[in-house]
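1. Model the following, please.
(chains A and B)
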2 protein chains.
Amino acid sequence: MPVNFIPSLPEQLLPVKGVSLGITEAGIRKSGRKDLLVIALDDGANVAGIFTQNAFCAAPVAVAKEHLSNPDSRSSIRALAINTGNANAGTGKEGIAHARATCAELARLLSCASHQVLPFSTGVIMEPLPLEKIITGLPAAVADLKPDNWFAASQAIMTTDIVPKAVSKQISLDGMTVTVTGIAKGSGMIHPNMATMLSYIATDAALTQPLLEEIVRHAAAKSFNRITVDGDTSTNDAFILIGTGRAGNQAIVDKASPGFTALQDAVTEVAAWLAQAIVRDGEGATKFITIRIEGGRTPDECNQAAYAIARSPLVKTAFFASDPNLGRILAAIGYAGINGLDVNRLQLYLDDVLVAENGGRASGYREQDGQRVMKQSEITVRVVLDRGSASTTIWTCDLSYDYVKINADYRS
Amino acid sequence: MPVNFIPSLPEQLLPVKGVSLGITEAGIRKSGRKDLLVIALDDGANVAGIFTQNAFCAAPVAVAKEHLSNPDSRSSIRALAINTGNANAGTGKEGIAHARATCAELARLLSCASHQVLPFSTGVIMEPLPLEKIITGLPAAVADLKPDNWFAASQAIMTTDIVPKAVSKQISLDGMTVTVTGIAKGSGMIHPNMATMLSYIATDAALTQPLLEEIVRHAAAKSFNRITVDGDTSTNDAFILIGTGRAGNQAIVDKASPGFTALQDAVTEVAAWLAQAIVRDGEGATKFITIRIEGGRTPDECNQAAYAIARSPLVKTAFFASDPNLGRILAAIGYAGINGLDVNRLQLYLDDVLVAENGGRASGYREQDGQRVMKQSEITVRVVLDRGSASTTIWTCDLSYDYVKINADYRS
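-> Residues are numbered from 1 along each chain as shown, chains lettered A, B, ... in the order given. Presented below is the predicted three-dimensional model:
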């Protein structure tokens, strides 16, 4: 089961003015599983996105980026079509044609243009997209469109996820209530630069397209780009932020305005909650690990150290075993590639327990103190490099039998 | 059990003139396990080594590098002391003192100087080395010294290894028989740049110290630096090549001589056999995977692609499951960071089966062909990048339940 994860209840998810969602079972995945989601936007919404950096990016990613790169369509997107069960990745020209056909059919149903639709897919790679099933399923998803469908939407985008991930937050701008609601999926193939991870966050706040793009980058950097489950990055990841402008606040046009900061914080909070939820629901995860690196010369070298620890199978299995075999963390820092690292200056903490300093075990460290922390389901690893003032924080999970089981069985 | 691994029999391991080996149970590891090895060299041997690049390098590595960096001692090394059960890594100044004390005691027993002894350790990190046990055990190891002890030596250096790894090869130089015999250990924490891996290869060929150093670098590049089990690199790795000069061949002094090439090939063959044996005995391995990248612009980018595939937990679990979920391989190539990669030019083969081309599934590919290859215990993944003439070959294994089990249980 996910680590200390309290899913939102359906009634805790707040509709966002100008957004409606429709779900259906198109038969792409196993029978009995909702696998097709349509998100429809009222006229006038802005949309901004961040996509996978994998060179083998999926066909829908290529098409969605193309539609968003057009300044006209970027501010006139009317719908998103999202299927699970098939990633439409590694599918060549036919895959592109399938993604375009999906857009065209949804555009026909909603009476808009194809370039006003964004396609998304997640699931198995290198299998042809079952286009007919999607075309056949779209009318039912459109018929289901309603504003309070966020919980069902969060269920419809699940693949190996155990729990649906969705959360809402409200703030006040100009005396008007502004809502931010988001959903996400993804529990394996998670790594910075967007691993098989899909997230859709919508707000009814009014703000300009450039500021929406600013917020999506900021929020991604503080959330989805700070998590790793297994180090793999996927072909299909996307994080989409929608601003419908229907809340009635005075449109935010200035980055220096208090409204901008408040909205950016709210979106970032929702994104970080969803990102952490993905790690808590990491494939086979039994522990939630926060890795904090301090005192680095640059943020880059802090990230190098943090991800070396977070990606090490030896470190991850030690967490799974609750074994304070903490030399494995030192070894990971040692091969992180930090130029001129003086291991004698470094300090390693497990929560509040000083484990290592002066190039070895700390004099006051007792195995039972390490054991106590390792038994927890939430653990913070803190490394002080003592060579600068940069820092970073990332989140990961342990590596368990079940990770292997889930990924060995995924297609069967 | 190891993948298609046929261990050498004790009688297949040939003594190397000028080398004797002694083993004992010093009580560092579990009771009943040999854990201390002494390799003694007759006067006049040359020794060359390659060591871990981990910034957290272990105390014995620091001391061995120091002793080998001295031109006088480099050609007068008389003994190597190797213990398992404790890595003496992350042990600060005390660890250095312990490594030096080990050298001093063995030097005393063999009537040589401390700087003529090289120390090595492997096992748990960040635990104090039980120096007393080593000091107490050394006389028994010295008393056991004999030339035909290679098989017992290969057993004494095992940690999580299932099988001992040792092999011999003979060639003829100047009508004289020259022997190359080597042992190795290491089955987890294996990655290029020497991961918890120890290997000792000795030859009785006569050659100069600079040529010995040339051969150790060449052999490492074609063997131990081409394997990965779990991507972790260790604090303690070392690959040592000994040339005793007792075979009676005319000393090799020229890199251009046929004798040099023949000897280099023989040493490289022994090293490659040992490196592949480490992967075949990879922790929990059920498959032996060769990854070949061709048509790259540079060897570096070929290695990037090869290691991205070899390190991907998703790819490795698919091999474990015999599941031709080959999109995972494409995804790994996609995030390998190859600049300007055109995925539409790339071809992916599984043994002789063309799986992907033109950015997607190959037109003639049938799932059952992929399935047939994936069921084998030896599989070659071949990727043609079609953008240059560089290539690389590396070896790895799959990721199984047992990898997690072994590493979660290691200390218990």
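2. where in the stretch 101-250 of chain A is pLDDT low?
-> For the stretch 101-250 of chain A, the stretches flagged by pLDDT under 70 are A:187-195, A:228-233.
3. What segments of it are strands?
-> Taking DSSP state E, counting those that start in this stretch, the strands of the stretch 101-250 of chain A run over residues A:117-124, A:165-173, A:176-185, A:198-203, A:227-228, A:238-243.
4. Figure out which of these is closest to chain B.
-> strand A:117-124 (6.7 Å; CB to the nearest CB). Heads up, the C-betas are built off the backbone N, CA and C, glycines and all.
5. Show me what that closest one is packed against.
-> For strand A:117-124, the packing partners by 3 or more CB pairs under 8 Å, 6 or more residues apart in numbering or on different chains; DSSP states H and E come out as helix A:59-69, strand A:79-86, helix A:92-110.
6. 10 Å instead?
-> Under the contact criterion of 3 or more CB pairs under 10 Å, 6 or more residues apart in numbering or on different chains; DSSP states H and E, strand A:117-124 touches strand A:36-41, strand A:46-51, helix A:59-69, strand A:79-86, helix A:92-110, strand A:198-203, strand A:238-243, helix B:327-334.
7. how about the residues of the stretch 1-150 of chain A near chain B?
-> A:52-59, A:87-96, A:123-128 (CB under 10 Å from any CB of the partner chain).
8. 6 Å - rerun?
-> A:54-56, A:90-92, A:125-126 (CB under 6 Å from any CB of the partner chain).
9. that older thread, may I see the strands of the stretch 101-250 of chain A organised as JSON lines, with mean neighbour count added?
-> Converted to JSON lines, the strands of the stretch 101-250 of chain A look like this (neighbours: other CB atoms under 10 Å in any protein chain shown):
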{"stretch": "strand A:117-124", "mean neighbour count": "27"}
{"stretch": "strand A:165-173", "mean neighbour count": "20"}
{"stretch": "strand A:176-185", "mean neighbour count": "24"}
{"stretch": "strand A:198-203", "mean neighbour count": "28"}
{"stretch": "strand A:227-228", "mean neighbour count": "26"}
{"stretch": "strand A:238-243", "mean neighbour count": "27"}
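10. Which one, of those strands, ends up nearest to B:A81?
-> When the strands of the stretch 101-250 of chain A are compared by CB to CB, strand A:227-228 sits nearest B:A81, at 39.7 Å.
11. Indicate which one of the strands of the stretch 101-250 of chain A is closest to B:Q276.
-> strand A:227-228 (30.3 Å).
12. Provide a list of residues in contact with the residue in the stretch 101-250 of chain A positioned nearest to chain B.
-> Nearest residue of the stretch 101-250 of chain A to chain B (CB to the nearest CB) works out as A:I125 at 2.3 Å. Taking CB atoms under 6 Å, 6 or more residues apart in numbering or on different chains, we find A:I125 in contact with A:87, A:89-90, B:327.
13. Report the spatially closest residue to it, excluding sequence-adjacent ones.
-> B:G327 (2.3 Å; CB to CB, 6 or more residues apart in numbering or on different chains).
14. try A:W273
-> Nearest to A:W273 is A:V167, by CB to CB, 6+ apart, at 4.9 Å.
15. Who are the contact partners of that neighbour?
-> Contacts of A:V167 by CB under 6 Å, 6+ apart are A:8, A:270, A:273.
16. Of those, which is the most crowded?
-> Tallying neighbours with other CB atoms under 10 Å in any protein chain shown puts A:V270 at the head of these, with 26 neighbours.
17. which residue packs closest to that one, ignoring adjacent ones?
-> Nearest one to A:V270, counting by CB to CB, 6+ apart, is A:G182 at 4.6 Å.
18. Derive a ChimeraX selection command for the buried subset of the residues of the stretch 1-150 of chain A next to chain B.
-> The following ChimeraX line selects those of the residues of the stretch 1-150 of chain A next to chain B that are buried, judged by 16 or more other CB atoms under 10 Å in any protein chain shown:
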select /A:54,55,56,90,91,92,125,126
